[in-house]
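1. Need the 3D shape of this:
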Amino acid sequence: MDTYRKRPIRHPLLYLSIIGLIAVILLLIWNIWVGISVAIVMAVGIAHAWKVEKQSYIKIEKYIESLSYRLKKVGEEALLEMPIGILLINDKYMIEWANPFMLNILKVDSLLGEELFALSEDLRQLTKSDEKHEFVVTIGERKYQVIYKQTERLLYFFDVTEQLKIETKYYADRTVIAILFIDNYDEITQGMDDQNRSLTNTLVTSIINEWAAKFGIYARRISSDRFLAILNESILKEIEKGKFAILDDIREKTSQKNLSLTLSIGVGAGSSSLIKLGELAQSSLDLVLGRGGDQIAIKQPDGKLKFYGGKTNPVEKRTRVRARVISHALQDLIQESDQVFIMGHKNPDMDSIGASMGVRKMVEKNKVKGYVVVNFDELNGSVSRLFQEIEKSPEIYGNFITPEEAQAKMTEKSLLVVVDTHKPSLVINEQLLDLCDKVVIIDHHRRGEDFIANPTLVYMEPYASSTCELVTELLEYQPEVNRISKLEATALLSGIIVDTKSFTLRTGARTFEAASYLRTYGADTILVQRLLKEDVNTYIERSKIIQTVEFVYPGMAIAHGEDNRFYDTVLIAQTADILLAMKDVSASFVIAHRSDGLIGISARSLGEINVQLIMEKLGGGGHLTNAACQMEVETISEARQLLKKAIMEIYEGSNEE
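-> Numbering: from 1, shown residues only. Purely as a prediction, here's the structure:
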């Protein structure tokens, strides 16, 4: 206001007065009476104008004074009366001042000198270096959004309880779409007569309808082996608490009727678009079926996944028709290419190398040049002994190249075949995936979330014992030229024997058929045994690890190596296999340092426990009975604690991925 009063008054009347004075002087010189008359009129007009101007300034001054007072009063009321909590704290998080609304929230007379964290433990977020300046805390039964002004050490508290309730209700009512698929319906019912098929349909439909009615789900059968279910997020959460017991109900109730039916469910959630939900549900179902079925996958638009189930070993349900179709499709891709590169996973095992050699033989049968990509620095144990045998056959050994050589040779017409893995992070060289437009995947592992992008052809069969078994079947439908050599047949048989633990685990009729086919081409079982032999020191090292065994959960045994030494990955896996053969052990886990600086965990089970889910919790994967992971932690103790936590979460807590 003082500034306003002191400012100089500049107005058009001032300039008009000066001009009028000059005009009057000129008129007086010309005619004195006319000049006097004009001067009198101008003086009266200017005086009136100045009077009006002065009154206007006085009104403005009064208005500004009134506005200033009102603004000051509003500011005081906002600070003291508005429903916003305000706190001032010092650098030791002690309260220095609180407005009346904050005192009213806490129903106290004063907060002066109180510790901030006594109001709510959620406020300890302020002490974190990566603290966000806006967060929600709970005080009593109310929720408050806190805005923290770090420079002024000032906190604002906004009551958002009702807003959060509305948000919670909105998310709880969002639509969820699920597709239910009866895994082995066709195999079970194809030999039935109409009456038994009708009874089976009625049994399955009644189980699913009872389950749907219990939770208020709309479910309808859309084909012989598929159901469509519509529910909302709140119902989904309720079902998740029971870990989707419908899987166990289907399995148990149908087994009582001598039927081995299992159920797979793909769920799409987290979107307001029905089209997007349908796509997510189908994508989830595809993922579940790729993992062997008898599971549930819940997929969000951001790609986040949850898995439930997977308690049973997949039942072999491949057909010769599928193997023949895949073999012919692969043959076409090979013949369209100028050269083919075959790549397995890092630290290759017998299954990876054997399958690679089998695919290269398929390429040779189609008169196309084929190369097996290998990192020779990663070869060890039985694989290194196999390569000693391969070196004796220059016509085979000359087709093994390094990743760098493969990158130099690759062209736009090249084909890349990935065997024994489907995860880009596990292949020998990820750059080859980017360089090649056509990629084929042949794998026997259950499909995981991490998957090679846009493959041209995928042959994934979790029901197979090994990738070597799959490749052997594909070979049977290739041209009858360039017979499989004795060494190639032996390498393929070695992969089957290693992955089945000498035909004791995950074997089906097709496994023995593949082995028989390889024997007809001279696969040498004596050479296989020689390749798989171990030395005495390895045996002693395994025994030392087994001495550390502890049971952390009924039937689950954990053993570990020492913190100050590295262990071969094959040794870790073999120790888990041996531990599984012990009495009262249903699942075994062996933890040890690897030469690459990571800590590895090998997991094995007899099928009652799904070790794949446990390893996926830790960033790994594999089969229901055979899985592994690698962890970037410093000590065995840390890895053991994380493993125990994953086991408890799977079998006692949530199963969120």
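2. what are the phi and psi values for Ala592?
-> phi -160, psi 160 (degrees, to the nearest 10).
3. 6 is where my numbering starts, stick with that
-> Sure, I'll start counting at 6 from here, so that last one is Ala597.
4. Now the residue sitting nearest the centre point of the chain: phi and psi?
-> The chain has Lys309 as the residue nearest its centroid, 4.7 Å off, counting by C-alpha atoms, centre = their mean. With angles defined as degrees, to the nearest 10, Lys309 sits at phi -70, psi 140.
5. Do you know the pLDDT at it?
-> You'll see Lys309 listed with a pLDDT of 78.
6. ok, so what distance separates it from Leu169?
-> Here the criterion is C-beta to C-beta, to the nearest Å. By it, Lys309 lies 22 Å from Leu169. All C-beta spots, glycine's among them, are computed from the backbone N, C-alpha and C.
7. what's the answer for His565, then?
-> Computed as C-beta to C-beta, the His565 to Leu169 distance reads 45 Å.
8. Show me which of the two is the more surrounded one.
-> Neighbours were counted for His565 and for Leu169 using other C-beta atoms under 10 Å; His565 has more, 24 against 14.
9. what's across from the more buried one in the sheet?
-> Note on His565: beta-bridge partners by DSSP bridges are Ile596.
10. just checking, it touches Ile641?
-> Yes. Checked against C-beta atoms under 8 Å, the pair His565 and Ile641 is within contact range at 4.9 Å.
11. what's the overlap in contacts for the two?
-> With contacts defined as C-beta atoms under 8 Å, 6 or more residues apart in numbering, the residues shared by His565 and Ile641 are 596-597.
12. Start from the N-terminal end of the stretch 556-662 of the chain and give the strands.
-> Along the stretch 556-662 of the chain, counting by DSSP state E, counting those that start in this stretch, strands occupy 561-565, 592-598, 604-610, 626-627, 631-636.
13. Outside of the fourth one itself, list whatever touches it.
-> When contacts are defined by C-beta under 8 Å, 6+ apart, strand 626-627 is touched by residues 428, 450-451, 453, 455, 608, 616-617, 620, 632-634.
14. do the same with stretch 413-423
-> Contacting residues not belonging to stretch 413-423 are listed as 335, 338-339, 341-349, 364, 376, 406, 432, 437-438, 440-448, 457 [C-beta under 8 Å, 6+ apart].
15. Apply the buried test to the residues you listed and list what passes.
-> Those of these that meet the buried threshold are 335, 338-339, 342, 344-349, 364, 376, 406, 432, 437-438, 440-441, 443-448, 457, by 16 or more other C-beta atoms under 10 Å.
16. In helices, which of those appear?
-> Assigned to helices by DSSP state H, the following of those qualify: 335, 338-339, 364, 437-438, 440.
17. Mind putting these into TSV with distance to Lys372 and pLDDT?
-> Formatted as TSV, the entries for those read as follows, by distance: C-beta to C-beta, whole Å; pLDDT from 0 to 100:
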residue	distance to Lys372	pLDDT
Leu335	15	91
Leu338	14	90
Ile339	9	94
Val364	15	95
Leu437	23	93
Leu438	26	92
Leu440	24	91
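18. quick one: which of the residues you listed is nearest to Phe106?
-> The shortest approach to Phe106 among those belongs to Leu438, at 59.6 Å (C-beta to C-beta).
19. right, and that closest one touches Lys428 too?
-> No. Under the criterion of C-beta under 8 Å, Leu438 makes no contact with Lys428, lying 10.8 Å away.
20. Name all residues that make contact with Lys351.
-> If you count contacts by C-beta under 8 Å, 6+ apart, then Lys351 has 380, 383, 431-433 around it.
21. who wins for most neighbours among those residues?
-> Neighbour counts for the contacts of Lys351 peak at Val432, which has 23 neighbours (criterion: other C-beta under 10 Å).
22. That one pairs with what?
-> As for beta bridges, Val432 partners with His350 under DSSP bridges.
23. Same check on Thr180?
-> Here Thr180, judged by DSSP bridges, has bridge partners Asn237.
24. Check the gap between it and Lys588 for me.
-> Thr180 is 51 Å from Lys588, where distance means C-beta to C-beta.
25. hang on, the earlier thing: of the strands of the stretch 556-662 of the chain, which approaches Asp253 most closely?
-> Smallest distance to Asp253 across those (C-beta to C-beta): 18.0 Å, for strand 604-610.
26. Mind giving me the packing neighbours of that closest one?
-> Here strand 604-610 touches helix 574-585, strand 592-598, helix 616-622, strand 631-636, helix 641-656, going by 3 or more C-beta pairs under 8 Å, 6 or more residues apart in numbering; DSSP states H and E.
27. So for Tyr223, which of the ones you listed sits nearest?
-> Comparison of the helices and strands packed on strand 604-610 against Tyr223 by C-beta to C-beta identifies helix 616-622 as nearest, at 29.4 Å.
28. Neighbour count for Thr180 and Lys588, which is higher?
-> The residue with the greater number of neighbours, taking Thr180 and Lys588 and applying other C-beta under 10 Å, is Thr180; the counts read 15 against 4.
29. coming back round to it: which of the strands of the stretch 556-662 of the chain sits closest to Ile227?
-> Taking C-beta to C-beta as the criterion, Ile227 comes closest to strand 626-627 out of the strands of the stretch 556-662 of the chain, the separation being 31.3 Å.
30. Kindly point out the strands partnered with that closest one and how each is oriented relative to it.
-> For strand 626-627, pairing defined by DSSP bridges yields strand 631-636 (antiparallel).
31. Next, give phi and psi for the closest residue in space to Ile110 that isn't next to it in sequence.
-> Spatial nearest neighbour of Ile110, excluding adjacent residues (C-beta to C-beta, 6 or more residues apart in numbering): Gly90 at 5.7 Å. Its backbone dihedrals place Gly90 at phi -80, psi 140, with angles given as degrees, to the nearest 10.
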